[in-house]
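In: Structure of the sequence below:
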Amino acid sequence: MRASCLLLLAGVGAWAWAASGGMMVSSPMSCLPVGDEHRAAVASEVVCAVLCDRLRARAYSFADGACEVRGAGLSSQVGPAARRFTRFAPPAWAVRREVSRGKAGNSSTPYSEGGAYQSAIDEDVTFSHFVSHPSTSLPWWMLDLGEQRLVLSVAALPMNYGADAVHDIEIRVGAELPEGENFTEWALLGEYRQRYDPSEGRLVFSSDAGICGRYVAIRKVVVSADLLRLIDVEVYVAEP
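Out: The predicted model follows:
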């Protein structure tokens with residue numbers, strides 16, 4: 001590994017790299033953000049790093065004139081602290097842990113206060129559950145993990161009510177909150193395109209490589225009279 005190099009750009013300030021090459025990050029992180037990616041043809045790695053800083057992004061890579069910037073708008077660092085880049089080195093993941101309990105979240109309009117988003121992460125798998133309001137054509141449920149995590153799987157336990165059945169849902173993972181209620185730019189973890197049968201138990205959606213993100217959403221993608229009902233949702237992430 002070559003020694004760190006320090007460059008001074010007129011009107012920009014000091015920039016530092018420690019062994020450039022691969023994905024470079026401005027601060028330690030457990031996984032690389034997904035979404036808000038920008039690609040451009042630039043003259044040098046310096047220009048790519050400047051673009052990363054200007055977009056308040058958290059990571060970039062440069063090779064053969066091609067610059068890729070990830071996590072635009074996610075960096076909280078400004079000034080010189082945001083201009084020191086090191087090569088991304090993922091941790092050695094050792095364990096898989098469930099992290100949904102006690103987390104903040106949100107949802108489309110619930111049927112009642114008793115059926116709000118918290119009802120799907122309260123460990124009561126008998127009575128308490130999230131249920132969407134009939135006025136919402138494409139209901140959704142969302143969990144905020146509090147920080148970027150490498151999401152490995154989501155295990156959702158839907159609930160049918162009479163002829164009302166959960167069907168046609170997607171599970172997506174995102175780095176930042178969406179515009180309005182449009183989750184389509186988030187990475188797709190999995191989908192379920194049939195009518196749920198309780199004999200199936202939990203529906204498990206997994207990614208071997210994992211998806212880096214802070215938010216997890218479950219949403220209906222087909223308009224119907226059936227409500228979105230979730231008894232319980234578990235989210236598993238990788239930890240060193």
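
In: hang on, Glu45 packs against Gly65?
Out: No. Using C-beta atoms under 8 Å, Glu45 makes no contact with Gly65, being 10.0 Å away. No exception for glycine: its C-beta is placed from N, CA and C like everyone else's.

In: Who has more neighbours out of these two?
Out: Between Glu45 and Gly65, counted using other C-beta atoms under 10 Å, the more crowded position is Glu45 (20 against 12).

In: Can you tell me the closest non-neighbouring residue to the more buried one?
Out: Among residues not flanking Glu45 along the chain, Phe62 sits closest, at 4.2 Å (C-beta to C-beta, 6 or more residues apart in numbering).

In: Show the model's pLDDT score for the one you found.
Out: On pLDDT, Phe62 comes in at 93.

In: Confirm it sits in a strand?
Out: Yes. Phe62 sits within a strand when classified using DSSP: H, G, I helix; E, B strand; the rest coil.

In: for it, which residues make a bridge with it?
Out: Beta bridges link Phe62 to Cys67, judged by DSSP bridges.

In: Backbone dihedrals for Gly114, both of them.
Out: With angles defined as degrees, to the nearest 10, Gly114 sits at phi -70, psi -10.

In: pretty sure the residue nearest to Glu45 is in contact with Val46, am I right?
Out: No. The criterion here is C-beta under 8 Å, and Phe62 misses it with Val46 at 9.0 Å.

In: So these two - more neighbours on which side?
Out: Comparing Phe62 with Val46 by other C-beta under 10 Å, the one with more neighbours is Phe62, at 23 against 15.

In: May I have the residues that are in contact with Val34?
Out: Residues near Val34 by C-beta atoms under 8 Å, 6 or more residues apart in numbering: Arg70, Val173, Gly174, Ala175, Trp186, Ala187, Ile211, Cys212, Gly213.

In: May I see the domains of this protein written out as residue ranges?
Out: Split into domains by automatic domain parsing, the chain comes to 5-87, 95-239.

In: Out of those domains, name the one with the poorest average pLDDT.
Out: Note on those: domain 5-87 shows the lowest mean pLDDT, a mean of 76.

In: how about the helices of the chain, start to end?
Out: 45-54 (DSSP state H).

In: Can you measure across stretch 29-42, start residue to end residue?
Out: End-to-end span of stretch 29-42 (C-alpha to C-alpha, to the nearest Å): 26 Å.

In: Give the buried residues for that stretch.
Out: The neighbour-count check on stretch 29-42 (16 or more other C-beta atoms under 10 Å) flags Met29, Ser30, Cys31, Leu32, Pro33, Val34, Gly35, Asp36, Val42 as buried.

In: For those, give me CSV that also has distance to Val50.
Out: Shown next, in CSV, are the buried residues of stretch 29-42 (distance: C-beta to C-beta, whole Å):
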residue, distance to Val50
Met29, 20
Ser30, 26
Cys31, 24
Leu32, 20
Pro33, 19
Val34, 23
Gly35, 22
Asp36, 18
Val42, 9
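
In: which residues touch Pro240?
Out: Listed by C-beta under 8 Å, 6+ apart, the contact set of Pro240 reads Ser30, Pro91, Ala92, Trp93, Ala94, Val95.
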